[in-house]
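[1] With the input below, show me the fold.
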Amino acid sequence: MRLVPITFVAQMPAYVRGVINLRGVVVPVADLRVRLGLPETNRLEDGCIVVARIEGRDGRSRGLGLVVDTVEEVAQVAQDDVVEPPEFGAAVSTDHILGMARIRDRVTTLLDLDHLFALE
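    The predicted structure is shown next:
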């Protein structure tokens, strides 16, 4: 969805932008760029909110909005096209990566949103 006004909520982690009203449901919104430790950007003309369902450690599923720079395409990925992430060495954690998907001539990182936004 296009970027909409996000209501600020006090004392949240830096990556939590606030909440939105999505068809009568209050949904938290996180900035994926900030959560991944990437530099912030003021370029939001292509930005949007991707709404996903994440599962907490308690097994409950919740909606989460993710502010992203842009959406290029929505693709279905066959399990056969997903491989384990490469080894980057012991000092680099890949816990937030589900795998690497081969889509046409590109490799795309599949993020583990449940891990990145663990709901305690």
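
[2] Am I right that L66 falls within a helix?
    No. Under DSSP: H, G, I helix; E, B strand; the rest coil, L66 sits outside any helix and is assigned strand.

[3] In this structure it contacts I49, no?
    Yes. Using CB atoms under 8 Å, L66 is in contact with I49, at 6.6 Å. C-beta here means a position set from N, CA and C on the backbone, and glycine is covered the same way.

[4] list residues touching both of those two?
    Taking CB atoms under 8 Å, 6 or more residues apart in numbering as the contact rule, L66 and I49 both touch V29.

[5] how near is the nearest residue to V26 once chain neighbours are set aside to L113?
    Nearest residue to V26, sequence neighbours excluded (CB to CB, 6 or more residues apart in numbering): V19, at 5.1 Å. V19 is 18 Å from L113, where distance means CB to CB, to the nearest Å.

[6] Compare neighbour counts for the two and give me the winner.
    Comparing V19 with L113 by neighbour count (other CB atoms under 10 Å), the higher total belongs to L113, at 20 against 17.

[7] can you pull the contacts of that one?
    L113 touches A52, I54, L64, L66, counting by CB under 8 Å, 6+ apart.

[8] what's it sitting at in phi/psi?
    Per-residue torsions, L113: phi -60, psi -30 (degrees, to the nearest 10).
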